[in-house]
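> Sequence plus the predicted model coming up.
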Protein chains: 2
Amino acid sequence: MPDSAALLADWRARTEADLDHVLGDCFASARLADAMRHAVKAGGKRIRPLLVHATVHALGGDGEHARQPAVAVELLHTYSLVHDDLPAMDDDALRRGQPTVHVAFDEATAILAGDALQTLAFEILANGGVPAETCVKQLRELAHASGIDGMCGGQMRDLEATGTADTLSITELERLHALKTGALLRAAVRMGALAGNADGAQRATLDRYADALGLAFQIRDDLLDIEGDSATLGKTAGKDVEQAKSTFPALLGVEASRQRLQQLAAEMHDALAVFDQRADALRAIARQVIERDR
Amino acid sequence: MPDSAALLADWRARTEADLDHVLGDCFASARLADAMRHAVKAGGKRIRPLLVHATVHALGGDGEHARQPAVAVELLHTYSLVHDDLPAMDDDALRRGQPTVHVAFDEATAILAGDALQTLAFEILANGGVPAETCVKQLRELAHASGIDGMCGGQMRDLEATGTADTLSITELERLHALKTGALLRAAVRMGALAGNADGAQRATLDRYADALGLAFQIRDDLLDIEGDSATLGKTAGKDVEQAKSTFPALLGVEASRQRLQQLAAEMHDALAVFDQRADALRAIARQVIERDR
């Protein structure tokens, strides 16, 4: 049996190839297609697609059935980055070390590229090779996680909280990030659980893993904004402090934030205890999220 | 049997109630929900939902099965208006006689409201009461019609063509509008055809109707920009001429554009000849599109 590192490398390569494929068709607008490719191919850790593949694998499901949801969730995530970077939103010129879409192209193209990436995510998912019943359930998960009661709602709350003198409570901050980043990470795991025919107990334990992962991801992100440098991060470090954003280190302190990360690592470890070594890739993703430097 | 006017009024009321319902749930962000409601409840002709209901009715299908696709296509259409109105796109301050979302709220909120309206469209459709197989096919239609090879691609082409000295050929102009507005109108009819279990011949004839309707819709729109006044239109008249846009009257002349409209009316009439009086509502929508003054 291949080890987790080999599996993750395979799935990453498979995801890149699948992304190339869905963005490689002949399209109605060459400029729009170029902008979409610029956003998707700028790289990134591909954590969400890896979560789909690793979840299907942990359940002993058919790896082929992970491919469409893996691509869909990455397209969805990429659209959100394109729009978040816009001047009217976070106004970022740099993303993964590359000029953002509105800088490399223009603002109108960036808005449309984000829009079309969202649409493409749902189109790819609707073309999945799973039974229609499963496909519809995956679509519900992805849509619910990314809309007003998920990612969009979280981004709106984040914008409302940024730049005001008010500090969020730790509960409010956790809720904000559960929406803004947690929901989509959980949807990746849930789409994998659906593709792998998880039973009720497995779904519950995978939810527990995903929720801890989402929170850990954000705490690590906040710590990196303080500890990291822009070159490694591929984006501007120190932005949170500059914008007086509510972050975990700002509310809890750096040391307590690190402790919270370790608690979440233990939580993920416990949640996965019901799975055998087929869940090692999920365990490896947890370690990556906790230890990553970008 | 109720006449077409009564049926259309019923379906319009049903659509308004269904839109109120899906936008009335408790949401994670009150501000974002307000912005979404502002966009959706500013009114509009609801042609796309009426097309879904009228198509299902023409086929003798279950009217309940028209409801989710009707709401979904209107949410999708509304998101496109919110984004098209943005300063970086068409920069419109007035829509249906109301301030546009970025004017009534702000630009970031308008971007997110558009994003979340698109997501909600797919979520509502995935919650439809039709069999899963039908639902997945409807999702494919809606996604394909609204993405890079449909609405988004058409809007990108429109932006690329606007403000350049080049005039489009009539073929290029028809292609642009087939993408920008035609694809979504056709998707409305196709989702209705799927909900009403149309056979192959019925699907082909409904496609013919929908394609003619889409083109007629755009020619009428172009003529109204010349002939209409802003108060009746609820938007700024004369914008096309001011921006030197390629339009049907500009390329063909006003009289030839009117003749083309009448040809398309005949084309729709012919296409619907295979249907009995159950298709009278589709015929009434065709007349509305040809004769509308806003």
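All right, it came through fine.

> going forward, measure contacts between C-alpha atoms and count neighbours the same way
OK.

> Can you tell me the element the closest residue to A:His77 other than its chain neighbours falls in?
Distances taken as CA to CA, 6 or more residues apart in numbering or on different chains put A:Leu184 closest to A:His77, at 7.8 Å, once the chain neighbours are dropped. Counting by DSSP states H and E, the element that carries A:Leu184 is helix A:183-195.

> helices and strands around that helix, which ones?
Judged by 3 or more CA pairs under 8 Å, 6 or more residues apart in numbering or on different chains; DSSP states H and E, helix A:183-195 is in contact with helix A:47-58, helix A:67-84, helix A:132-146, helix A:200-227.

> Residue numbers of the stretch 51-200 of chain A in contact with chain B?
By the rule CA under 8 Å from any CA of the partner chain, the part of the stretch 51-200 of chain A lying against chain B is A:83, A:88-89, A:107-109, A:111-112, A:115-120, A:122-123, A:126-127, A:132-133, A:135-137, A:139-140, A:143-144, A:146-150, A:152-154, A:156-157.

> hmm, back to that, report the angle between the axes of the helix holding A:Leu184 and helix A:47-58?
Angle, helix A:183-195 to helix A:47-58, by axes from the mean of the first three to the mean of the last three CA atoms, to 10 degrees: 30 degrees.

> contacting residues around helix A:183-195?
A:48-49, A:51-56, A:59, A:61-62, A:65-66, A:69-70, A:73, A:77, A:130, A:134, A:137-138, A:141-142, A:145-146, A:150-151, A:203, A:206-207, A:210-211, A:213-214 (CA atoms under 8 Å, 6 or more residues apart in numbering or on different chains).

> Once you drop chain neighbours, what's closest to A:Ala210?
Per CA to CA, 6+ apart, closest to A:Ala210 is A:Arg186, 5.1 Å.

> Can you check the pLDDT for the one you found?
On pLDDT, A:Arg186 comes in at 98.

> PyMOL command for the buried members of the residues of the stretch 51-200 of chain A next to chain B?
Buried members of these, defined by 16 or more other CA atoms under 10 Å in any protein chain shown, are picked up in PyMOL with:
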select buried, chain A and resi 83+88+89+107+108+109+111+112+115+116+117+118+119+120+122+123+126+127+132+135+136+137+139+140+143+144+146+147+148+149+150+152+153+154+156+157
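
> Just the buried positions in whichever strand or helix holds A:Ala265, please.
Element membership of A:Ala265, judged by DSSP H and E, is helix A:254-271. The neighbour-count check on helix A:254-271 (16+ other CA under 10 Å) flags A:Val254, A:Ser257, A:Arg258, A:Arg260, A:Leu261, A:Leu264, A:Ala265, A:Glu267, A:Met268, A:His269, A:Ala271 as buried.

> For that helix, give me every contacting residue.
Residues from elsewhere that reach helix A:254-271 (CA under 8 Å, 6+ apart): A:205-206, A:208-210, A:212-213, A:215-216, A:219-220, A:223, A:248-249, A:283, A:286-287, A:290.

> Swap in 10 Å and give it another go.
The contact list for helix A:254-271, computed with CA atoms under 10 Å, 6 or more residues apart in numbering or on different chains, reads A:202, A:204-220, A:222-223, A:226-227, A:247-252, A:272, A:282-283, A:286-287, A:289-291.

> Report the mean per-residue pLDDT for it.
On average, helix A:254-271 scores 96.

> Specify the angle between the next helix or strand after that helix and helix A:183-195 in degrees.
Scanning forward in sequence from helix A:254-271 by DSSP H and E, the next helix or strand is helix A:280-291. Angle, helix A:280-291 to helix A:183-195, by the same axes, to 10 degrees: 180 degrees.

> CA atoms only: put helix A:280-291 into PDB for me.
Presented in PDB, the C-alpha positions along helix A:280-291 are these (Å, rounded to 0.1, in the frame of the first residue of the first chain):
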ATOM      1  CA  ASP A 280      -3.500   8.200   7.000                       C
ATOM      2  CA  ALA A 281      -3.800  10.700   4.200                       C
ATOM      3  CA  LEU A 282      -6.400  12.600   6.200                       C
ATOM      4  CA  ARG A 283      -4.000  12.500   9.200                       C
ATOM      5  CA  ALA A 284      -1.200  13.800   7.000                       C
ATOM      6  CA  ILE A 285      -3.400  16.700   5.700                       C
ATOM      7  CA  ALA A 286      -4.200  17.600   9.400                       C
ATOM      8  CA  ARG A 287      -0.400  17.700  10.100                       C
ATOM      9  CA  GLN A 288       0.200  19.900   7.000                       C
ATOM     10  CA  VAL A 289      -2.500  22.300   8.100                       C
ATOM     11  CA  ILE A 290      -1.100  22.600  11.600                       C
ATOM     12  CA  GLU A 291       2.600  22.900  10.500                       C
END
